[in-house]
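J.: Dropping the sequence and predicted coords here.
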Amino acid sequence: MSSDFEGYEQDFAVLTAEITNKIARVPRLPPDEKKQMVANVEKQLEEAKELLEQMDLEVREIPPQSRGMYSNRMRSYKQEMGKLETDFKRSRIAYSDEVRNELLGDDGNSSENQRAHLLDNTERLERSSRRLEAGYQIAVETEQIGQEMLENLSHDREKIQRARERLRETDANLGKSSRVLTGMLRSESCLKLGCLQKPHIWTFLAV
């Protein structure tokens, strides 16, 4: 399992390095190349997210006592992913402003307020993304706790079943003992009755 996780780590490192390089190149490219580069980065960001999901699944399969180190690494990778998305959003904002200015013939001097508004919206999106990530982490931890509870309930159910089997065996043994005891009591009663009848027989013979 750890070998699979490390393989995903290597793929993630290579992919994020390529994304970082391309994001830095976007503002300096001609318009046609910028459009193609933006589409390429979007695709690679999706691939990076899928790698993170695979890594997260691998971490969930690790025993709890060994999971801490991998969980810390996952948090670092998610933070790196968030930074890449933020940088890409800013790069796209700059690219969108440039395209708009080219279409409208704007020299860019009147776009400062709009740029600030867009950056503010980006920060809000980042805060929402962090809240969603925190909610996802809570959901994962809750699922892990639920799995542990199910395992404990399964063990308890097995114990209860074994106790019931022992109880049935005990009931069967008690039934056998009861029948034996009843037979013994009947035999003893017959013997006593026979002893009481013996004097009458001797009296009859004496007569």
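T.: Alright, I've got the coordinates. Numbers count the residues shown, from 1 in each chain.

J.: Which residue ranges of the protein form helices?
T.: Ranges of helices in the chain, per DSSP state H, are 2-25, 31-60, 68-104, 112-206.

J.: elements contacting the worst-scoring helix or strand of the chain on mean pLDDT?
T.: Here the helix or strand of the chain ranked lowest by mean pLDDT, DSSP states H and E is helix 112-206, holding a mean of 71. Here helix 112-206 touches helix 31-60, helix 68-104, going by 3 or more C-beta pairs under 8 Å, 6 or more residues apart in numbering; DSSP states H and E. Placement of C-beta: from N, CA and C, glycine included.

J.: Determine which of those helices approaches residue 165 most closely.
T.: Nearest to residue 165 among the helices and strands packed on helix 112-206 is helix 31-60; the distance by C-beta to C-beta comes to 35.6 Å.

J.: just to revisit the earlier point, tabulate the helices and strands packed on helix 112-206 in a markdown table, adding columns for mean neighbour count, distance to residue 19 and mean pLDDT.
T.: Converted to a markdown table, the helices and strands packed on helix 112-206 look like this (neighbours: other C-beta atoms under 10 Å; distance: least, C-beta to C-beta, whole Å; pLDDT from 0 to 100):
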| stretch | mean neighbour count | distance to residue 19 | mean pLDDT |
| --- | --- | --- | --- |
| helix 31-60 | 15 | 5 | 92 |
| helix 68-104 | 15 | 6 | 79 |
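
J.: Identify whichever of the ones you listed lies nearest to residue 188.
T.: helix 31-60 (70.1 Å).

J.: So which elements touch that closest one?
T.: Using 3+ C-beta pairs under 8 Å, 6+ apart, helix 31-60 is in contact with helix 2-25, helix 68-104, helix 112-206.

J.: what's the angle between that helix and helix 2-25?
T.: Computed with axes from the mean of the first three to the mean of the last three C-alpha atoms, to 10 degrees, the direction of helix 31-60 lies at 160 degrees from that of helix 2-25.

J.: For residue 67, what are phi and psi?
T.: Note on residue 67: its backbone torsions stand at phi -90, psi -20 [degrees, to the nearest 10].

J.: and it, how many neighbours?
T.: 15 (other C-beta atoms under 10 Å).

J.: Without its sequence neighbours, what residue ends up closest to it?
T.: Leaving aside its sequence neighbours, residue 67 sits nearest to residue 59 (C-beta to C-beta, 6 or more residues apart in numbering; 6.3 Å).

J.: Among the helices and strands packed on helix 112-206, which comes closest to residue 163?
T.: helix 31-60 (33.6 Å).

J.: Distance from the closest one to the middle of the chain?
T.: A distance of 23 Å separates the centroid of the chain from that of helix 31-60, by C-alpha atoms, centre = their mean, to the nearest Å.

J.: got the angle between it and helix 112-206?
T.: 20 degrees.

J.: Excluding chain neighbours, what is closest to residue 15?
T.: residue 48 (5.2 Å).

J.: My guess is that neighbour contacts residue 14. True?
T.: No: Residue 48 lies out of contact with residue 14 (C-beta atoms under 8 Å); the separation is 10.2 Å.
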